[in-house]
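# Sequence first, predicted coordinates after that:
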Amino acid sequence: MLYQIFETQRSIMEPFSDLAQAAAKLYSNPLSPISQTPLAQRVSAGYALMHRLGKDYEKPEFGIKTIKVNKTDVAIHERIEIDKPFCELRRFKRFSDEPATLTQMKTQPVVLIVAPLSGHYATLLRDTVKTMLQDHKVYITDWKNARLVPMSEGEFHLDDYINYVQEFIRHLQSIYGNCHIVSVCQPTVPVLAAVSLMASRGEKTPLTMTMMGGPIDARRSPTSVNNLATNKSFEWFENNVIYRVPSNFPGAGRRVYPGFLQYTGFVAMNPDRHANSHYDYFKDLIKGDDASAEAHRKFYDEYNAVLDMDADYYLETIQTVFQDFKLVNGTWDVKGVDGKVERVRPQDIKGTALLTVEGELDDISGSGQTRAAQDMCTGVDDKDRLHLDVQGAGHYGIFSGSRWRSIVYPQVVNFIKSHAKPFAQTKPAAPTSAPAATEVKAPVPVKTEAPVKAKASAKAKAAEPVVKVAVKAAPKVAVKASPARTSSAAKAKPAASSKAASANKASAAVKTAWVEPKKKA
């Protein structure tokens with residue numbers, strides 16, 4: 001019923017929002033006599049703000065038309081590679097008529113970016129995609145709005161998410177022979193599960209796995225998001241946030257977690273910040289600061305565009321990741337497309353290098369939650385591990401904005417390049433017979449010192465010792481605006497589970513790079 005009430009309210013508000021937009025233009029257009037009246041600028045700004053508060057926000061476009069590769073403009077053609085009921089595998093094909101540029105692009109690594117399915121569209125990673133296109137062939141998972149998926153397509157579960165990821169990995173391997181995978185926020189958990197299952201079957205796994213700001217172990221440094229999931233019961237979520245799609249959408253009757261409820265939760269986390277942002281927008285319009293006003297519109301066009309999530313997928317994520325902690329407890333069983341149920345075993349991953357990235361000020365995935373993957377993937381060689389802590393960065397700062405471009409990305413691109421292998425044109429192989437990729441080249445661009453033992457207290461040793469080794473930044477990383485800085489200070493992190501002792505060996509060998517932006521004068 002709540003969904004129907006919201007849609008009715010939105011339908012009623014839509015014409016008023018359009019009217020407010022027209023009035024704003026009438027009072028601001030220099031050719032209009034009304035724009036010359038006293039307080040016209042303020043009236044126009046008020047109407048413009050009213051329009052944005054009442055309008056409906058549709059899915060934005062990626063809008064990436066060109067990028068720079070070696071200072072050469074390269075055209076981008078966006079196309080759908082695979083179209084699944086709940087997701088599209090989208091490719092950003094690069095074109096150039098420069099022979100040298102073409103030669104370079106043909107040999108660059110293939111990266112699958114797994115976007116979050118947690119409220120916003122994949123376009124939230126626009127900056128991530130645009131930056132990575134400079135040095136990689138890029139594919140991304142573009143999740144569909146569940147209210148637009150007809151009931152005839154069936155349900156969508158967390159297991160289906162994992163199966164989609166595995167299918168996309170195999171697709172890229174069938175074309176290029178290998179690939180790299182990057183997951184941001186929510187998908188770190190299902191991506192780790194997907195790669196673990198492939199490794200357990202003996203399939204070829206991605207060459208590298210980069211995980212950024214995700215709740216691998218949500219028990220560590222719990223945030224308000226984690227607390228909400230743990231303080232409320234599974235039944236509470238099912239009874240209070242799940243509704244059926246109204247009849248005016250293709251997915252009529254489907255049980256979903258509506259996007260408007262998710263948006264309400266996003267705003268409720270920082271209401272003062274959003275209120276101040278809208279007030280600043282109002283003042284910018286009065287002052288005629290078009291650049292700041294356009295920046296506000298650009299951000300909120302993305303932030304306010306939300307999608308519905310299928311109820312089964314959402315509820316299973318809450319239970320598996322935030323309540324039962326099945327991944328870290330080793331009790332997670334996943335049903336494959338063939339109906340076979342398999343246990344997720346991250347320790348079986350051996351041929352995939354692992355990079356974990358966390359932001360110091362992340363208020364969605366707390367400190368240590370993503371790094372937990374390093375403790376679980378005990379089969380990965382020590383030389384193929386790296387953890388990156390970004391000082392001064394929040395959740396969005398590790399994959400978007402200036403810190404992502406100048407600090408995080410240089411580390412990511414070096415890590416991928418150091419484990420890249422030549423492409424091999426191959427045919428799709430049967431999942432059970434694919435050979436395991438067990439050889440990974442040692443890092444070349446980033447040189448690291450040999451691991452050293454840290455002096456830790458008896459309490460830290462009993463828990464989970466972590467040795468942080470200074471990482472010498474390559475010239476490409478040490479940018480002027482935001483230089484990389486290393487630290488050899490050893491810090492011990494308490495274990496969050498009873499199985500911490502078994503992860504001591506792997507945890508002690510993980511290299512940690514400390515990176516923070518240069519302070520402005």
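Cool, got the structure.

# gap between the residue nearest to residue 302 when sequence neighbours are not counted and residue 238?
Spatial nearest neighbour of residue 302, chain neighbours left out: residue 60 (5.6 Å); criterion: CB to CB, 6 or more residues apart in numbering. Placement of C-beta: from N, CA and C, glycine included. Distance, residue 60 to residue 238, using CB to CB, to the nearest Å: 31 Å.

# more neighbours, those two?
Higher neighbour count among residue 60 and residue 238: residue 60, with 17 against 14, using other CB atoms under 10 Å.

# which stretch of helix or strand covers the more buried one?
Secondary structure assignment for residue 60, by DSSP states H and E: no helix or strand.

# quick one, what contacts it?
Residues near residue 60 by CB atoms under 8 Å, 6 or more residues apart in numbering: 121, 123, 301, 302, 305.

# host element of residue 8?
Using DSSP H and E, residue 8 sits within helix 2-28.

# Could you pull out the buried residues of that helix?
Buried residues in helix 2-28, counting neighbours by 16 or more other CB atoms under 10 Å, are found at 3, 6, 7, 17, 20, 21, 23, 24, 26, 27, 28.

# Repeat that for stretch 54-74.
54, 55, 59, 60, 62, 64, 67, 69, 74.

# Keeping just the C-alphas, turn the longest strand seen in the chain into CSV.
Scanning the chain for the longest strand, with DSSP state E as the assignment, gives strand 72-83. Taking C-alpha atoms only, strand 72-83 is exported to CSV below (Å, rounded to 0.1, in the frame of the first residue of the first chain):
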residue,chain,number,x,y,z
THR,A,72,45.3,11.3,-27.7
ASP,A,73,41.5,11.6,-27.8
VAL,A,74,39.9,8.2,-28.0
ALA,A,75,36.2,7.8,-28.9
ILE,A,76,34.0,5.6,-26.7
HIS,A,77,31.2,3.5,-27.9
GLU,A,78,28.9,2.1,-25.1
ARG,A,79,27.2,-1.2,-25.9
ILE,A,80,25.5,-4.1,-24.2
GLU,A,81,27.6,-7.3,-24.3
ILE,A,82,25.2,-9.6,-22.4
ASP,A,83,21.6,-8.9,-21.5
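
# Check the offset of that strand from the chain's centre.
Strand 72-83 has its C-alpha centroid displaced from the chain centroid by 20 Å (CA atoms, centre = their mean, to the nearest Å).

# Would you list the strands that the helix or strand just after that strand pairs with, along with their directions?
Under the assignment DSSP H and E, the closest C-terminal helix or strand after strand 72-83 is strand 87-95. Partners of strand 87-95 in the sheet, by DSSP bridges, are strand 72-83 (antiparallel), strand 137-143 (antiparallel).

# Can you lay out those as TSV showing distance to residue 188?
Formatted as TSV, the strands paired with strand 87-95 follow (distance: least, CB to CB, whole Å):
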stretch	distance to residue 188
strand 72-83	22
strand 137-143	13
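
# which one of those strands is the most hemmed in?
Ranked by mean neighbour count, these are led by strand 137-143 with a mean of 24 (mean count of other CB atoms under 10 Å).

# What subset of the contacts of residue 60 is buried?
In the contacts of residue 60, burial by neighbour count holds for 121, 123, 302, 305, counting by 16+ other CB under 10 Å.

# Contact partners for the first one?
For residue 121, the set of contacting residues under the criterion of CB under 8 Å, 6+ apart consists of 59, 60, 115, 142, 143, 305, 306, 307.

# Next, name the residue at the spatial heart of this structure.
For the chain, the residue nearest the mean C-alpha position is residue 184 (2.3 Å; CA atoms, centre = their mean).

# Report the buried residues of stretch 331-345.
332, 334, 344, 345.

# what are the ranges of the helices in the stretch 51-200 of the chain?
Taking DSSP state H, counting those that start in this stretch as the criterion, the stretch 51-200 of the chain carries its helices at 99-106, 126-132, 158-176, 188-201.

# can you tell which of the ones you listed is closest to residue 221?
Across the helices of the stretch 51-200 of the chain, residue 221 has its closest neighbour in helix 188-201 (15.3 Å, CB to CB).

# Give me the angle between that closest one and helix 158-176.
Orientation of helix 188-201 against helix 158-176 (axes from the mean of the first three to the mean of the last three CA atoms, to 10 degrees) gives an angle of 60 degrees.

# closest to residue 45 among the buried ones among the contacts of residue 60?
Nearest to residue 45 among those, with distances taken as CB to CB, is residue 302, at 21.9 Å.

# how much space between residue 77 and residue 63?
Distance, residue 77 to residue 63, using CB to CB: 13 Å.

# same deal with residue 168?
The spacing between residue 168 and residue 63, counted by CB to CB, is 23 Å.

# Over to residue 345?
Taking CB to CB, one finds residue 345 at 41 Å from residue 63.

# swap in residue 392?
Taken as CB to CB, the span from residue 392 to residue 63 is 28 Å.

# Over to residue 31?
For residue 31, the distance to residue 63 - CB to CB - is 30 Å.

# again, but for residue 16
29 Å.

# How about residue 328?
Separation of residue 328 from residue 63 (CB to CB) stands at 38 Å.

# now do residue 115
From residue 115 to residue 63 the distance is 16 Å (CB to CB).

# Over to residue 171?
The value you get for residue 171 to residue 63, if CB to CB is used, is 25 Å.

# Equivalent analysis for residue 382, please.
Distance, residue 382 to residue 63, by CB to CB: 42 Å.

# do residue 134 as well
17 Å.

# now swap in residue 107 and tell me
Residue 107 sits 27 Å away from residue 63, going by CB to CB.

# Next: residue 126.
Residue 126 is 7 Å from residue 63, where distance means CB to CB.

# Tell me the secondary structure at the nearest residue to residue 163 once chain neighbours are set aside.
Using CB to CB, 6+ apart and skipping residues adjacent in sequence, the residue nearest residue 163 is residue 337, 5.2 Å away. Three-state call for residue 337 (DSSP: H, G, I helix; E, B strand; the rest coil): coil.

# Give me the distance between residue 337 and residue 160.
9 Å.

# again with residue 117
Counting by CB to CB, the gap from residue 117 to residue 160 is 11 Å.

# These two: which is more packed in?
Ranked by neighbour count (other CB under 10 Å), residue 117 and residue 160 place residue 117 first, with 28 against 23.

# contacting residues around that one?
Contact partners of residue 117, counting by CB under 8 Å, 6+ apart, are 143, 161, 186, 187, 309, 313.

# okay, these in a markdown table with pLDDT and distance to residue 290 next?
Output for the contacts of residue 117, formatted as a markdown table (pLDDT from 0 to 100; distance: CB to CB, whole Å):
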| residue | pLDDT | distance to residue 290 |
| --- | --- | --- |
| 143 | 97 | 34 |
| 161 | 98 | 42 |
| 186 | 93 | 35 |
| 187 | 96 | 37 |
| 309 | 96 | 36 |
| 313 | 97 | 41 |
